[in-house]
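Visitor: structure of the sequence below:
(3 chains)
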Amino acid sequence: MTFQRAVALLSAAFLAFAPPSVALAQQAAKQKVVFQVSDADPAKWNLALNNARNVQAELGKDKVLIEIVAYGPGLGMLKRESKVEGRLAEAMQNNVGLIACENTMQNTKTTKEDMYGGIAYVPAGVTHLMKRQREGWAYIRP
Amino acid sequence: MTFQRAVALLSAAFLAFAPPSVALAQQAAKQKVVFQVSDADPAKWNLALNNARNVQAELGKDKVLIEIVAYGPGLGMLKRESKVEGRLAEAMQNNVGLIACENTMQNTKTTKEDMYGGIAYVPAGVTHLMKRQREGWAYIRP
Amino acid sequence: MTFQRAVALLSAAFLAFAPPSVALAQQAAKQKVVFQVSDADPAKWNLALNNARNVQAELGKDKVLIEIVAYGPGLGMLKRESKVEGRLAEAMQNNVGLIACENTMQNTKTTKEDMYGGIAYVPAGVTHLMKRQREGWAYIRP
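Guide: Prediction:
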């Protein structure tokens, strides 16, 4: 092994481990939080929406990514006739992601026609929450 | 210091920091999630079991490690006379770890005789949940 | 580039990435957990206090940092007339951080005069929980 080759090899090996740190730095620049809603309790739905609004107020709307994932008994939060229906449009305008669980929908024979217009969908709410945690999002269960 | 020795030292130092990254890569290959059950509410117990089943259905049983930790008022989920007793055997057959908190058992004078056969035990449910989070498992509180 | 300079550069670059790993090692030495209290339910307040006590008992009081963050409907836990008021002094003596959300206080016209003496305050409970998760604390929602 020549000297130059040793340096090149070590540098290459070293750089291979650098990306995570770079990713961490970017993540620090933009905070991320996912809220879980899995209770059939409109008070919890309001609390999740209040939490999202407060986080945006403190950190700045463009400094934080926010999602609210409704699944299981919490699916009702994002239905067309939801008790918090009046607040959903405002949340979407403020770039709060509203996400419903298709697994729960299938199990409860709920269709997209029954859901509030414009929301997003994931195949399973729980695996989405797992994914977000793996990606470094904070997890809050109001 | 000779050239070869310098390269060897740097390589050794570098490798000392490599294992976490290697572990992270393996972790990405196999997802991990721990569910907390701390409510005396059979609906929550069923939700946790449904969540586990849905995660396995979406990701593949051999692609994900799942544990359900019952503690505090949630301990009843894993008792012999549990309201979800009929589903516990199926969960164990599907390699869902069912784990009871010995702290809670002592505080409530519950013995292993009172618990569902074949489940696992940890000294304290909460410290186990902390350990799993440190190890990179996702945390879901249904 | 001389041999000595190459070694020096690589060492410097390597050390630049070392701090996170060093920080992780220290973090492993001292565990950290934050408990969220957001229910108006004294049973949950007692559970959070029990959890904190059990974690200290198992890990050792000087080996773990513990905070309890009360916000939303959980704020009542840390009020002067709290149903668990008798246990708050003990928790503080044991170095369990008791933290109230000022956002919730403003929304409910609650002043520090109404709160239990000696507790700590954060502008928003949720952003504090996000911060702790970013810093590697375990999150438990009893």
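
Visitor: let me see the contact set for the closest residue to A:Met130 other than its chain neighbours.
Guide: Leaving aside its sequence neighbours, A:Met130 sits nearest to B:Ala138 (Cβ to Cβ, 6 or more residues apart in numbering or on different chains; 4.0 Å). To be clear about C-beta, it is placed using only N, CA and C from the backbone, and glycine gets the same treatment. B:Ala138 sits next to A:129-130, A:133-134, A:139, B:31-34 when contact means Cβ atoms under 8 Å, 6 or more residues apart in numbering or on different chains.

Visitor: selection in ChimeraX covering whichever of the residues you listed are buried, please.
Guide: Listed next is the ChimeraX selection for buried residues among these, using 16 or more other Cβ atoms under 10 Å in any protein chain shown:
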select /A:129,130,133,134,139 /B:31,32,33,34
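
Visitor: are the helix ranked longest in chain A and chain C in contact anywhere?
Guide: As assigned by DSSP state H, the longest helix anywhere in chain A is helix A:42-59. Yes. Residues of helix A:42-59 contacting chain C under Cβ under 8 Å from any Cβ of the partner chain: A:43, A:47, A:50-51, A:54-55, A:58-59.

Visitor: I'd like those residues as CSV, with neighbour count and pLDDT appended.
Guide: Listed next are the residues of helix A:42-59 next to chain C as CSV, based on neighbours: other Cβ atoms under 10 Å in any protein chain shown; pLDDT from 0 to 100:
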residue, neighbour count, pLDDT
A:Ala43, 15, 96
A:Leu47, 22, 97
A:Asn50, 18, 96
A:Asn51, 25, 97
A:Asn54, 21, 95
A:Val55, 25, 97
A:Glu58, 17, 95
A:Leu59, 17, 96
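
Visitor: and the two most separated of those residues?
Guide: Pairwise distances across the residues of helix A:42-59 next to chain C (Cβ to Cβ) peak at 24.4 Å, for the pair A:Ala43 and A:Leu59.

Visitor: which stretches in chain A count as strands?
Guide: For chain A, strands defined by DSSP state E occupy the ranges A:31-37, A:64-70, A:96-101, A:120-122, A:138-140.

Visitor: may I see the ones you listed organised as JSON lines, with distance to C:Leu98 added?
Guide: As requested, those are exported to JSON lines (distance: least, Cβ to Cβ, whole Å):
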{"stretch": "strand A:31-37", "distance to C:Leu98": "23"}
{"stretch": "strand A:64-70", "distance to C:Leu98": "26"}
{"stretch": "strand A:96-101", "distance to C:Leu98": "30"}
{"stretch": "strand A:120-122", "distance to C:Leu98": "36"}
{"stretch": "strand A:138-140", "distance to C:Leu98": "19"}
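
Visitor: on that earlier part again, which of the contacts of B:Ala138 lies closest to chain C?
Guide: A:Tyr139 (6.5 Å; Cβ to the nearest Cβ).

Visitor: give me every residue that touches that closest one.
Guide: With Cβ under 8 Å, 6+ apart, A:Tyr139 has these contacts: A:33-34, A:36, A:129, A:132-133, B:138-139, C:133, C:139.

Visitor: same thing but 10 Å
Guide: A:33-36, A:69, A:129-130, A:132-133, B:133, B:138-141, C:129-130, C:133, C:139, C:141 (Cβ atoms under 10 Å, 6 or more residues apart in numbering or on different chains).

Visitor: same check on A:Lys61?
Guide: Contacts of A:Lys61 by Cβ under 10 Å, 6+ apart are A:53, A:55, A:94-96.

Visitor: could you rerun that using 7 Å?
Guide: Applying Cβ atoms under 7 Å, 6 or more residues apart in numbering or on different chains to A:Lys61 gives the contacts A:94-95.

Visitor: does chain B have contacts with stretch A:97-117?
Guide: Yes. Applying Cβ under 7 Å from any Cβ of the partner chain, one finds stretch A:97-117 touching chain B at A:Asn103.
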